[in-house]
Structures are given as C-alpha cells and as structure tokens.
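A.B. asks: below: sequence and its predicted model.
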Amino acid sequence: MKAEVKKTIEKYGNDKFRLMDILIDIQKENGYIPGEAITQIAEDFEMSEVDVEQTVSFYHFFSQKPTGKYAIFLNNSVVANMMGRAEVAATFMKELGIKFGEVTPDGSAGLFNTSCIGMNDQEPAAIINNRIFTRLTPFRVKEIVRDIREGKDVDEMNVQDWGDGENSSDLIRSVVSNNIRKIGPVLDRDFTAGQAIEKIIKLKPEEVIEEVKKSNMRGRGGAGFPTGLKWEFCRNAPGEKKYIFCNADEGEPGTFKDRVILTERPRLLFEGMVIAGYAVGASEGIVYVRYEYKYLEQHLEKILQQAREANYLGKNILGKKGFNFDIRIQFGAGAYVCGEESALIESAEGKRGEPRDRPPFPVEKGYHDMPTVVNNVETLCSVVKVILKGGEWYKSFGTNESTGTKLLSISGDCKFPGVYEVVWGFSVNDILDMVGAGKEDVQAVQVGGPSGALISPDEFNRTLGYEDLATGGSLIIIGKNRDILSGIVLNFMDFFIDESCGSCSTCRIVPTLMRNKLNKILNARGTQQDIDDLTEWGKILKASRCGLGQTAGNPILSSLKNFPALYEEKIQKNKSFDSGFDLNAAIKESAKATGRIPNF
Amino acid sequence: MSQFVRFTIDGTECMASKGQFIVEAAKENGIYIPTLCNYPGIKPKGGCRICTVRVNGKLMTACTTPVAEGMNIENDVKDIRELRKSIVELLLVEGNHFCPACEKSGNCELQALAYRFQIMVPRFPFQFPIRKVDASNPKIIKDQNRCIQCKRCIRAIKDEKGRSIFAYRKRSSSVEVVVDKKLGKQLTDELAQKAMDVCPVGSILVKEKGFIIPIGERKYDKKPIGSDIENMSVSKI
Amino acid sequence: MSKPIIATTSLAGCFGCHMSVLDIDDRILELFELVEFNKSPINDIKKFTKKCDIGLIEGGCCNSENVHVLKDFREHCKILVSVGECAIMGGLPAMRNGIPIRECLEEAYLNGLTVVGNEERIIPNDPELPMLLDRVFPCHEVVKIDYFLPGCPPRADLIWDALVALISGDEMKLPYEVVKFD
C-alpha cells in the first residue's frame, strides 16, 4: 500500500494541490481509500490526517470503506424515477441481496444511490466502475448481476449496441446516445480545429476581447455574467500567471448538454479555451469534468494529444511567439456544489469544494490565488463561433438582452428527450411542440433544474432568456399523472440537503427543516401556519454564500408560488395549529423495549 | 500610509482605513455588527452568516467584505435583525444545546447572541441530533452536541509545522469538526487552552477545567454581547 | 370582577421552577390576593374543577402521562406558559434523546451502578405505568404554547413580571439580567 501510494503521489509531481487526482487513482485501484493511504499522503505532504480526510469525506465517489469489486451507483434523479427506477432498484436489491449503501458479504458488489449523472434522456441509468449503463430494465439488471457473479469485466458487460457518434469509438465504447435533436450555430459542424486560432493570433488579445464583448454573450452556466467583461477583468488583474478553467461539472439535475459537447465537439471546446487563454494572457487551462463523465477520459486525452501534435496547444502556438497554452483535465469526485466557480477552484486545488467568500472574485484571485477565468463548456464553444463569424453575426440570434443560442437539455415526459440548440426567446410552448409533448398532457415544466422554477401551464407562453426565464439549460417536463410534491419537490429537496457543503449555517440547516415541514403537510398534519412558515424560512436561505444555498429552497418556494393549490388541498382547514405530535408513534420504541401494548 | 474611505452604516457617516473588513470598520465607528464565526486575528470565513448586512442593496457578510468608498451599509434594520435572530435560532435547534449543563454557559457567544436578540424559544423544531462526545484526547474534550461548525478552531489552531489539529469531516448536515488523533496527542497546554478560548460555544473544553467563574461574574451575565463596542467612545478620525 | 385562575404542573421537570415561583418571597402574599389557584401541586388540587386563565407548565414530555396532563391543561387553560428550559426545549431529561430507549431502561433497571435488588432483572412493564416516549418533547412540540419563560429555573423576578403582565395585560419588561438559559 505504502509503495503504491508513494508512486501515485509521484505520478502527480509530489504536488499536494493534485490531491484530487491522487485520491481518484487510489479509489479506483482499491475500491476505497484505505486509512493507510491517508496516513501516507499526510506524511508525504506534511499535512495532518484530518486535513486529508476532510477532502476525502467531502466527495460522494470517495469512500473510506470498500465499495465492492463492482460499485453500482444507480441514479435517483426525478426523471430516473419517472422512467421506472423503482423496479430497477428493487431488482438490484433482490438479485444482489443487499440494500442501498451496502456491499455484498463476499465483497463482489456494492449498491449506492447517486444524484443525476447526466443521462436524463436515457434513464434509468447507473454507473458501474466508471462505465455507464443506460435505459435499465429489471431484465437488464438481472443480466448485469449475472455478469457480476461471473466476474466479467464491465466492458464486456455492455452487450447492447454502442451509442451513436463518438460513443462507439474505441476510446469511449459506451451505450450512451447523444440524442442531439436540433443543431444551431454553435453545434453546427462548420468548424475545423485550429481555424479560430489562426484567426486570433493575427489579432491583439484586446481585439479578441472586444469581439466577444461586441457579441454581448453572457455566461451559459446560469448566472449570466458577460463573457467579454469577465475576460477583460482577468486580463487587467495583476498576477504573474493566469488560468482558464472550463466548468464541465454540470451537476444541475436534468442537464446533460456538456456530456454531448465533450463527446462530439471537444475540439470546439478546447479551441474556445485557447482563445480565452490568448485573450487574458493565460498559459494554462484546466477542464474540470464531473466524475460521472470519467468514461470520456481517454477520448478527451486523445483529442488533447492531437491538438498538441498540431500545435494548437503547446509552445509558440501556430508560430505565434510567446503564445504558450496547454490544457489538462481535472476530474471532480461527486459534488454538485463544485459547479460553483470558486468551489470548483478549491476542488481543483485538492480541497473540499467549499465556495469562497467574494470579493475577491476568481478573476482577481482564483486558482493558486492568481487571476482565473471560469467559463461554462457551452460559453467556450460559442466563443469560437463568435471569433469565426463575428460578434455582430452572433448578435443576430436571440434577443437584445440574451444574444445567441442556448443548448437545452430536455427530459421527462416527452417523446424526444435530448439536446436542442435554440435561439434565446423561444417560448415554453414552442419547446413542448418541438419535443413532442402534448400541452394537454403536461402539468408543469421545471425550468433550470431544481434551483430554477417550476412553472404551470399559465406561464407556458414565457420565453427563455435573461429577461424572463433565465436557465442553465435543464428542462424537465412533468406529465399530468405525476405527483409534484411527493414525486418531485421532495426529491429535489433531498438533493439540496445532500449537496450542501455544510459551511454556511443557513444552507446546512434550513433545507432539512423545510423538507420536514413539507413531509408534515404531506402527512395531513399541516395547517396554514406551516405554509406561511415555508415561505418565511425560505427567505433565510438568501443569506447563504453561494448560489446553491441561495436557491436550495426553490423547489418548495417555486411550487408553492405556482401551484399553491397542491399545498392548500393538503392542509387542515379547521385547525389553526397542529404540532404534528403523534403519541402512538412516539411510544413505538418503548412499547417494543418493554413488550407492552399501548392502552390508550 | 493607509488610505481612508467614507461610507455609511444605517445613515451614519463613518470612516475607516481602506481594505478593512466591514465588521472591524464598524467597530471603530462604535457600531456593533453581531458575529459568531469571526474571530480577531484569524482569516474570516463567512460561515455563520450572522454578520450579514446589506451593502448597496446586496446581502454580504460584514466579516469578509472590505469597506469601500461610498458604501451604503444597512445593519440594524428590521429584516436583517430578523434574519440574524433566525440564524441564532437555527443553530440552537441544530445541535443539542443544554445550557444549564454546559461549562461554557454565561461565556458562550451563541447563548449571548440569543440573549441579545431576546430569544425565548426558537421558532424551529428542535432536531435533537445524535452526536458523540470525543474524550479520547488527553487534554481536551470535543463535544459534538454543542459544535456549531464555525471553523474557528480549524483556522486558529495549528501545530508548529502549520498542520491542522482540527478539520471538517463529511458535508451537508453530517458535517462535523474532528480532532486529529495523532497531532491531537501532542497538543500543548497553551494550545489546548487557546482552542477552548477560540471556541464560541462549549464544544471544546480543557479537561478538568469547567465552571471556574461563578454565576453572576461570567462574561455575559450582566452585559449583552456587543455592548462594549456600542458604549465605546468613538475616537474621531 | 372575579380573580384570574391559575393552574400549574410539573411534567418531566425537577420542581425547581415551582421553587422559583415560591422564590418571589413576600410577593407570594400579593399573588394570592391577585389570583386564585386551581389544579396545582402548590395547593394539592389534583383535578381541574373549573376553566382556568393561565396554566404554568414546568418540564417537557417524557412519557404518555405527561402528554395527557399537558393536553388536559391545554383544554382547561386559556393561556399556557412554558416555564423553564425543560418545558421549552426538553432540558436535562432530553439529554437522553440520543440514546435508544432500551439502553435507557437497561441502564435504569439492570446495569446502572445504583441498581440494587432486581435479581429477576425485570424492566417494569405494568399496564398502569405511563409509557416512556422515544424522546423527550418540548411542550410546544405537543400542544400550542402561548408564552415562554426561559431559565433553569427562570428567575423569580421573571416569573413575577410575567404573571403581573398576563394579569394586568400590560407589556412585559424583560431586563437583560433576568432572561437567562441557566
């Protein structure tokens, strides 16, 4: 163990900021992170063991206990449930003879829940030893368990056809489908690698920034900060080194567009990073990819290698003296909050993914305290097209406030789930038509994932854009027969409760209290007071440090605002107060301990 | 030479050195902004959110935000007072805070804030979490029932090599502050005492050292937390 | 006008809060002038004989009997006041809340240092006995409580001020020194 750990540490240049990579390797090698490994890492880096452990224990895919030779992570997102996850989960439990969170006694398999893995268009889905299994059925689960018993390699277990496009290439070989349903100017294949780099090296960095500013493009992650301005801030910030980060940690349940870009358009993305690097004067780019997409690693590495060979990356790029830029891939290890830019930086530095206090902003003090740009995958791809065709051209798409196009990840109750590139200003009604969802069958649409808004048919004429419905791109269509409160809102609340980094008191505590209160209402013990409390308590979250905390109450607040009847029909009209106390439930344990039968 | 900036807190004109955090700047102007996770001399980490103020219309933590020229800061206003009160109540229900049995009672900052905000009962249901007391360290007791995850000990207590003795473990509502087994054993008396002093509540106690100050003479028995700042005569800059 | 009627009880408490009521010293004479006492350990009236104006509750709910008494108080009193930490947040009895009931019972009746006798190792289970709740509940998590007087016990001055305020309808003054949790 000691030698193995030492070797891993050396592989990453004895750099303690690469702790994530070191831990990912150890986890992969052993199926968990043994105590001896933590001791060894602490010793080598002159850290305390608790310091190493605080990173280990933060991430969902790190475990300090064995997770089995086959670690099965079954997605438990809302859409997975809609698509029949319950039967799949039950079959896994029955066939393996274990519950979720357990490992079989022989150590062969472990079964775990995991939040949205970016496969909402092909649920139910699971990750087994970093390979993706989609469209699971009870029958398929039986096959998988049989293969596990036979000790088959995960790659041999994929007996179905490979997915389309690059999914079937040698370096991916996955059953994942792209489901690209609508191609627009960004996804358009009218691009060959190196094209935009040739163009920018003839320009001054300031001119590149000017062009991006001219496009009025705003960040595609959700917050919508103007991209050109971000670059300019970073360029003008003092710092001996600057960094470009690509945020490929799309963790908002329901979004999967980055998966498709990483699979089919990685050259476009990397080129966008090179442009950003040139514009701000950075020499290093880091793509922070969510662990769920680890199956794309070799594919991405190969594309990077090709880019280096073509001198799109490396030293004096395409002959431009002094223009040096390279990209490395940094995997996360399962934490939604790392999608927040400063948490992402913390994580890339090998720490817990806790958002930083701002100011200072990453453009002033980011990775290694140096000026850092963090851009979304889609933003960086769009930038390439802006450079090739001009800011004016880009502005011709969309609306005044929201220029260009948006990639949507659409899933749920519709005929054609998948990725759609639409111009901003598209209405929800248009979307429903496009994806094959009959308006009479749709009860609600969740726009922007759990942190966004749950909108009702009255609002389906609203349009997507920063001026109306801002979204990072996740749309979940909820059919008439779904139970919104128990099926969707509760699941979303559990998601936020799990994913809080725990450092702000507000986000650490309030969502749990709100969830419990919702349960009280669902258990028919609620009163009007409970509804009022939910509204009031939700306000406290606004004081949280990051976007996750600030929006962690949204599943309840938004459904309460747009579907008040769902709550009102469940509360007791004749009571103004109900503590929710249940005597029979409260004596259950003691009745059992004393062998008594309650007599009241 | 330090530069001065002018700003207002609840309409009162204030002055402070540029770059100072709002909490400190307010203090110099005789204005108390309640804090809990903040501690003089250690790097702030807006965790408890109690010092939240509204800066030019936006909620910010006063312990991490530097003052800037022309800032319009709202501090003692209704909604922010209510927010702070809620946060104290949240912390009271999140852990197991049995004040009558706590060695830190009377000197506890969480309790003192509850007194200041006249909290008679938290509005939230008590969670009664199941938490452990770690008495394995030879010098200190780490009582998780009372821990409010403020990270003061994590940030303040390091060994001679700069290594952390305390650290977070896990995340979300399972997060806890733990003591390093190995380094904890070498804790000096001074560092143990410092850890207890840095802890705003009774979660870190030096063994055999409880209840030293008699009731009536403890820090917050007679005067509310923050009253020293409010009663300070402000030296005019 | 008839005098306001007060009832008091001690649930899972130590009677310390009742002692604190007595601690108002000679004002107790004034109190008897101002109010009439109904069900209370102070006068040993065991059952409500009429509707009351104010019910003072000491202690939280640790067993089914506490719950019944508390509900009885809620039915008979216009205003209920949680007096002291145990009523407000469970207090010291609630320190058992993290311990499984079986362990509590075994400690109390079988394994504890103070257990003598009990050769047959019996955990009492007579149907007449109240049943322990799985955890100790603050009173307001069982019934609606109107006011709260913190302290362990609440200072006599706080209790006096609260009673006077409730009787007179005046606003209560809360000097810093009297509102304490210990």
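C.D. replies: Done, it's in.
A.B. asks: burial measure for residue 19, as a count.
C.D. replies: Just going to use chain A. Using other C-beta atoms under 10 Å in any protein chain shown, residue A:19 has 22 other residues around it. The way it works is simple: take the backbone N, C-alpha and C, and place the C-beta from them, glycine included.
A.B. asks: wait, I meant chain C there
C.D. replies: By other C-beta under 10 Å, neighbour count at residue C:19 equals 12.
A.B. asks: ok, for whichever residue of chain B sits closest to chain A, nearest residue in space, not its chain neighbours?
C.D. replies: Scanning chain B for the residue nearest chain A gives residue B:175, at 3.3 Å (criterion: C-beta to the nearest C-beta). Once flanking residues are discounted, residue B:175 sits nearest to residue A:502: 3.3 Å by C-beta to C-beta, 6 or more residues apart in numbering or on different chains.
A.B. asks: pLDDT score for residue 2?
C.D. replies: Going with chain A. On the pLDDT scale, residue A:2 is placed at 89.
A.B. asks: other chain: chain C
C.D. replies: Value for residue C:2, per-residue pLDDT: 84.
A.B. asks: which bits of chain C sit near chain A?
C.D. replies: C:64, C:67-68, C:100-102, C:105, C:123-125, C:127, C:131-135, C:137, C:140-144 (C-beta under 8 Å from any C-beta of the partner chain).
A.B. asks: pretty sure residue A:495 belongs to a helix, no?
C.D. replies: Yes: under DSSP: H, G, I helix; E, B strand; the rest coil, residue A:495 sits within a helix.
A.B. asks: ends of stretch A:260-274, how far apart?
C.D. replies: Length of stretch A:260-274, first residue to last, C-alpha to C-alpha, to the nearest Å: 20 Å.
A.B. asks: what are the phi and psi values for residue A:445?
C.D. replies: phi -130, psi 130 (degrees, to the nearest 10).
A.B. asks: check contacts around it.
C.D. replies: Residue A:445 is in contact with A:428, A:431-432, A:454-455, A:460, A:475-478, counting by C-beta atoms under 8 Å, 6 or more residues apart in numbering or on different chains.
A.B. asks: how much space separates the residue nearest the centre of chain A from residue A:284?
C.D. replies: The residue lying closest to the centre of chain A (C-alpha atoms, centre = their mean) is residue A:251, at 1.0 Å. As for residue A:251, its distance to residue A:284 is 24 Å (criterion: C-beta to C-beta, to the nearest Å).
A.B. asks: what count of nearby residues applies to the residue of chain B closest to chain A?
C.D. replies: 20.
A.B. asks: and what of residue C:25?
C.D. replies: Neighbour number of residue C:25 under other C-beta under 10 Å is 9.
A.B. asks: surely it touches residue C:156?
C.D. replies: Yes: using C-beta atoms under 8 Å as the test, residue C:25 is close enough to residue C:156 to be in contact (7.4 Å).
A.B. asks: quick check: next helix or strand after the helix or strand hosting residue A:234?
C.D. replies: Assigned by DSSP states H and E, residue A:234 falls within helix A:227-236. As assigned by DSSP H and E, the chain's next helix or strand after helix A:227-236 is strand A:243-248.
A.B. asks: and the next helix or strand past that next one?
C.D. replies: Downstream of strand A:243-248 (by DSSP H and E), the next one is helix A:257-264.
A.B. asks: tell me the mean pLDDT for that following helix?
C.D. replies: Per-residue scores along helix A:257-264 average to 98.
A.B. asks: what angle sits between whichever helix or strand comes after it and strand A:243-248?
C.D. replies: Per DSSP H and E, helix A:257-264 leads on to helix A:266-280 as the next helix or strand towards the C-terminus. With axes from the mean of the first three to the mean of the last three C-alpha atoms, to 10 degrees defining the directions, helix A:266-280 sits at 150 degrees from strand A:243-248.
A.B. asks: with adjacent residues omitted, what lies nearest to residue A:310?
C.D. replies: Closest to residue A:310 by C-beta to C-beta, 6+ apart is residue A:194, at 6.2 Å.
A.B. asks: near that neighbour, how many other residues are there?
C.D. replies: Number of residues near residue A:194 (other C-beta under 10 Å) recorded here: 17.
A.B. asks: if we can go back for a sec, from residue A:483, how far out is the closest residue in space to the residue nearest to the centre of chain A that isn't next to it in sequence?
C.D. replies: In this structure, residue A:251 finds its nearest non-sequential neighbour in residue A:336, 4.0 Å apart by C-beta to C-beta, 6+ apart. Counting by C-beta to C-beta, the gap from residue A:336 to residue A:483 is 24 Å.
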